[in-house]
Structures are given as structure tokens and as C-alpha cells.
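A.B. asks: Sequence plus the predicted model coming up.
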Amino acid sequence: MARKEKSEYLIQAVSHALDLLEQFHGEVDELGVTELSKRLKLHKNNVFRLLATLESRGYIEQNRVTENYRLGLKTLELGQTFIRQMGLLRQSKPVLEALVKECNETTYVAILKDSCIIYLDAVETDMTVRVVPRVGSRLPAYCTAAGKAQVAFMSDDELEHYLPVKDLRRFTENTITDRALLKQELKKIAEQGYAIDNEELDVGVKCVSAPIRDYTRRIIGAISISGPSMRFSNERMEKELIPLALKAADEISAKLGYQK
């Protein structure tokens, strides 16, 4: 069976919505339904439906005085997210590489998305036994060091949003599935400034992580050092890996404008 071209999967309504958003560029701040209809070569009813959909999601808003439409705050949030993530990637890469040279273990930088973490980038160790990078994968925040390092600094209200409402899934014998115990663990993490994954997601894998902050002092990600548990003894964690993770997180945060 011949492989289909990606163009065959395009959804026309989505393309039209993106075409509409792209009309707001340069010095074009506001546009009316009639002008958008001309530009997009679509019937006014179709344009209005697109606008109503985008407005309901916050990507478009209407000026109640002129009745014209303009970009909504959601587009700004997306742009800021992109800039923040690209800045994080650019600034963290050399730190990850230097970190691997120091400890010869796999290093990651991860962000929080909903109740999961996503690894944006990783640098592997050259050791034969290693942790396989999961760049792009979504992993539960409550049982990963990178997730706990970020969730731990949230308010009680934010925690209720980020922790799964249903029972916490058990991945290994070490997974913390009791919400009260998990909150105690998160409180401890907030006090000490780093998190440890003690084989809570994968048997035989340990991880240490520290949060990354930007110039607004907000936590925007975390740096992690991961490896097989046989190399992550408590003594090595305390004397070498935890200090390295904290130092690396501070270095990236400083590059992003954070000042203690």
C-alpha cells in the first residue's frame, strides 16, 4: 500500500482557521468580517463561524467598539511558550553536555505540561549500560524527579490541578500512590531544592533533578541526571550527583536571567 502524502491528511477547516490567524501581521491590528472574507475568499458565514470558534478558545477577541476582530491573549501565551522553550533549549544544551562530561550519566531538560513532563532534550552517556533518552515522551509528573522538582513548588490549589484526581497509578513497588504521602514528599523537595526518582517509574532507574527558573523567578523546567540504580548509590547521590544537578540548574537559570 502506497504511503500517503501528508498533504492528503490536511483538514480544511483547520487550515482556514490558521489562514485567518495569519491575516493579523505587521501593522494589521484589527479586521472585520467583510475584509477577512475578501482576504480568505470565503463566505462571510464561514468566516463568522471560524471567528466564533477561535473567540471561544481565546485566540481571537472582538473589539466591542469597532466590532472588528483582533488576536486574543491565547496567541500571546503560545508565543511566549515557544520563546521560553526555545530559550530553555538553547541555554541548557551546553550545560547538559558539560554535565555529562563531569558525571558520565545521561542528562535531560524537561518541562511540565498538564500533569505530565516532556523531555525537550537529552545528552547521553557513553557508558554501555545507560538510560534510553525519552525526548518528546509524556511521563507522569508525580513519579519522575523532573516532575516532582517542578510540582513541589506549586500552591495547594495548583497541586490539586496537577495531581491526578483518580488513584495514582503504581508503576513499581516504589511508586508513591498515596496522595497524603506524595504531598509530604513534595514538601520535603521544596525545602531541599531537588527531587529524586528512586525507581518510582522504572525498575532499576534512578534520577536526580533540580528546577530551572527564568527572570520572573518562575519555574519553567527542570534538569535531570538519570542512570541505572547500581551506579546511583546514596553516597554518590549525596556527594556528587545532587550538587551537580543543583549547580547545573542554577547555571541555566542564571542564563535565563534569574537572580537569587
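C.D. replies: All right, it came through fine.
A.B. asks: which residues touch the residue lying closest to Ala141 once chain neighbours are set aside?
C.D. replies: Among residues not flanking Ala141 along the chain, Gly147 sits closest, at 2.8 Å (C-beta to C-beta, 6 or more residues apart in numbering). Heads up, the C-betas are built off the backbone N, CA and C, glycines and all. By C-beta atoms under 8 Å, 6 or more residues apart in numbering, Gly147 lies in contact with 110, 112, 116-117, 139-141, 195, 222.
A.B. asks: State the pair within those residues that is farthest apart.
C.D. replies: Farthest apart among the contacts of Gly147 by C-beta to C-beta are Cys116 and Ala195. That separation is 15.3 Å.
A.B. asks: more neighbours, those two?
C.D. replies: Ala195 (28 against 17; other C-beta atoms under 10 Å).
A.B. asks: Would you check that the more buried one makes contact with Ile189?
C.D. replies: Yes: Ala195 is within contact range of Ile189, at 4.6 Å (criterion: C-beta atoms under 8 Å).
A.B. asks: so what sits against both of the two?
C.D. replies: Contact criterion C-beta under 8 Å, 6+ apart; residues shared by Ala195 and Ile189: 148-149, 152.
A.B. asks: who wins for most neighbours among these?
C.D. replies: Neighbour max across the shared contacts of Ala195 and Ile189 (other C-beta under 10 Å) = Ala149, 34 neighbours.
A.B. asks: tell me the secondary structure for that residue?
C.D. replies: The three-state label given to Ala149 by DSSP: H, G, I helix; E, B strand; the rest coil is helix.
A.B. asks: repeat for Ile223
C.D. replies: Here Ile223 is recorded as strand under three-state DSSP.
A.B. asks: And for Met154?
C.D. replies: Quick answer, by three-state DSSP: Met154 is coil.
A.B. asks: Next up, the contacts around the residue nearest to it when sequence neighbours are not counted.
C.D. replies: Leaving aside its chain neighbours, Met154 sits nearest to Tyr162 (6.4 Å; criterion: C-beta to C-beta, 6+ apart). Going by C-beta under 8 Å, 6+ apart, Tyr162 touches 112, 114-115, 141, 151, 154.
A.B. asks: do Ser37 as well
C.D. replies: 43-44, 47.
A.B. asks: Likewise for Tyr108?
C.D. replies: 96, 119, 121-122, 133, 135, 146, 223-224, 226.
A.B. asks: repeat that with 10 Å
C.D. replies: 92, 96, 99, 117, 119-123, 131, 133-135, 144-146, 207, 209, 221-226 (C-beta atoms under 10 Å, 6 or more residues apart in numbering).
A.B. asks: Among those residues, the buried ones, what's the PyMOL command?
C.D. replies: Selecting the buried subset of the contacts of Tyr108 in PyMOL, with 16 or more other C-beta atoms under 10 Å as the burial test, is done by:
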select buried, resi 92+96+99+117+119+120+121+122+123+131+133+134+144+145+146+207+209+221+222+223+224+225+226
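A.B. asks: Helices - which of the contacts of Tyr108 land there?
C.D. replies: Among the contacts of Tyr108, DSSP state H puts 92, 96, 99, 145-146 in helices.
A.B. asks: Including distance to Asp214 and pLDDT, could the contacts of Gly147 go into JSON lines?
C.D. replies: JSON lines is the format used below for those (distance: C-beta to C-beta, whole Å; pLDDT from 0 to 100):
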{"residue": "Ala110", "distance to Asp214": "15", "pLDDT": "91"}
{"residue": "Leu112", "distance to Asp214": "13", "pLDDT": "88"}
{"residue": "Cys116", "distance to Asp214": "21", "pLDDT": "85"}
{"residue": "Ile117", "distance to Asp214": "17", "pLDDT": "89"}
{"residue": "Leu139", "distance to Asp214": "22", "pLDDT": "87"}
{"residue": "Pro140", "distance to Asp214": "24", "pLDDT": "90"}
{"residue": "Ala141", "distance to Asp214": "19", "pLDDT": "91"}
{"residue": "Ala195", "distance to Asp214": "19", "pLDDT": "97"}
{"residue": "Ala222", "distance to Asp214": "13", "pLDDT": "95"}
